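S.K.: Quick check, what structure comes out for this input:
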Amino acid sequence: MALHLPESHRTPDSDREELIFKSLKSKSKMSGTETVTRITAENVATIFPDVDTSLAREVFPTASTTTARESNELEGYDEEQVRLMDEVCIVLDDDDKPIGSASKKTCHIMENINRGLLHRAFSVFLFDSNKRLLLQQRAAEKITFPNMWTNTCCSHPLGIPGETGAELDAAILGVKRAAQRKLEQELGIPPEQVPLEKFEFFTRIHYKAPSDGKWGEHEIDYILFIQADVDLNVNPNEVRDAKYVSEAELKQMFQEPGLIFTPWFKLICDTMLFEWWSQLGSSSLDKYKGETGIRRM
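M.R.: From the prediction side, this is the model:
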């Protein structure tokens with residue numbers, strides 16, 4: 001099934017994809033030539049004044065009093081996507097412990113990323129009963145990684161009750177709730193078709209990737225699988241296109257020079273997805289679930 005949007009939007013740049021992926025693969029160069037200070041609960045507010053450390057004290061904040069809509073950095077972007085930059089992300093130390101919160105804008109500015117600012121995220125891989133993976137192409141309106149193909153849904157749990165957790169079990173429940181919320185917001189999937197108990201947590205990856213010179217990602221990303229037959233009502237401000245693919249069809253897409261993929265999706269595919277996918281529906285998949293360590297990519 002594919003939901004096609006106008007061909008006029010299809011303007012991928014293969015050189016840009018290569019630059020992003022090369023940067024992501026350079027594990028030892030997380031900040032170019034800079035020395036990055038390890039971010040902790042004690043120093044995060046000093047290094048990043050926009051981070052609200054009340055989250056670490058189990059007080060759930062609202063967004064910064066300076067809204068993204070008042071920021072010069074977001075001039076010229078889509079109004080709805082600018083509004084979403086006020087959402088409150090969970091700021092982490094390297095061990096995935098919440099140490100504060102900051103706006104989505106603050107967390108995705110490359111200058112902050114290069115100084116070590118890290119936040120929590122999730123990536124959902126939704127398969128239908130025929131074991132096909134639902135892909136989405138991010139909308140042209142997106143501020144980060146526009147027009148790129150990626151897994152079913154990629155976003156962030158928020159610094160709000162129910163989506164924040166310090167210990168792993170609570171954090172997993174939080175990202176499942178966030179995943180259910182975003183699947184509805186982006187793809188129109190009714191929550192009852194993706195109940196929390198059907199999501200399977202596999203692992204966490206810690207990665208960094210630029211989108212362009214201004215924006216990027218630096219995340220501890222929770223990988224979730226779910227198998228369900230769902231109804232789609234795509235939000236065009238979030239998603240340009242969506243389609244189900246088999247393993248062979250996805251591998252063929254990777255060979256097409258006109259397509260660009262998000263760096264986290266490509267990294268997950270290159271290191272673990274196809275091995276897991278081949279075991280989907282069998283008990284052999286269980287050995288991959290519930291990793292407690294963080295994979296540093």
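S.K.: CA only for contacts and neighbour counts going forward, please
M.R.: Will do.
S.K.: Contacts for the helix or strand containing residue 100, please.
M.R.: Per DSSP states H and E: residue 100 is located in strand 98-103. Here strand 98-103 makes contact (Cα atoms under 8 Å, 6 or more residues apart in numbering) with 40-41, 44, 50-56, 61, 63-64, 85-93, 159, 165-166.
S.K.: do that again at 6 Å, thanks
M.R.: Strand 98-103 has contacts (Cα atoms under 6 Å, 6 or more residues apart in numbering) with 41, 51-53, 55-56, 86-92.
S.K.: mind listing the helices for the stretch 51-200 of the chain?
M.R.: Assigned by DSSP state H, counting those that start in this stretch, the stretch 51-200 of the chain shows helices spanning 79-84, 104-108, 110-114, 168-187.
S.K.: With respect to burial, which of those scores highest?
M.R.: The highest average neighbour count among the helices of the stretch 51-200 of the chain, using mean count of other Cα atoms under 10 Å, belongs to helix 104-108 at a mean of 24.
S.K.: chain center to that one, what's the gap?
M.R.: 13 Å (Cα atoms, centre = their mean, to the nearest Å).
S.K.: cool, stretch 102-122 as well?
M.R.: With Cα atoms, centre = their mean, you get 12 Å for stretch 102-122.
S.K.: and what of stretch 135-153?
M.R.: For stretch 135-153 - counting by Cα atoms, centre = their mean - the centre lies 10 Å from the chain centre.
S.K.: what's the least confident helix or strand in this protein, going by average pLDDT?
M.R.: helix 14-25 (a mean of 41; mean pLDDT, DSSP states H and E).
S.K.: Please point out which parts of whichever helix or strand comes after it sit buried.
M.R.: Per DSSP H and E, helix 14-25 leads on to helix 44-47 as the next helix or strand towards the C-terminus. Of all the residues in helix 44-47, those buried under the rule 16 or more other Cα atoms under 10 Å are 44, 45, 47.
S.K.: With stretch 91-109 instead?
M.R.: 91-94, 96-109.
S.K.: now do stretch 270-280
M.R.: 276, 277, 280.
S.K.: Start and end of it, how far apart?
M.R.: In stretch 270-280, first residue to last residue: 17 Å (Cα to Cα, to the nearest Å).
S.K.: ok, residues contacting that stretch?
M.R.: residue 285.
S.K.: just stretch 285-297 next, same as before
M.R.: 201, 202, 203, 204, 205, 206, 207, 279.
S.K.: Most neighbours out of these, which is it?
M.R.: residue 204 (24 neighbours; other Cα atoms under 10 Å).
S.K.: thought it was touching residue 219?
M.R.: No - in this structure residue 204 lies outside contact range of residue 219 using Cα atoms under 6 Å: 9.6 Å.
S.K.: Mind checking what secondary structure residue 241 has?
M.R.: Counting by DSSP: H, G, I helix; E, B strand; the rest coil, the backbone at residue 241 sits in strand.
S.K.: do residue 205 as well
M.R.: Classified using three-state DSSP, residue 205 is strand.
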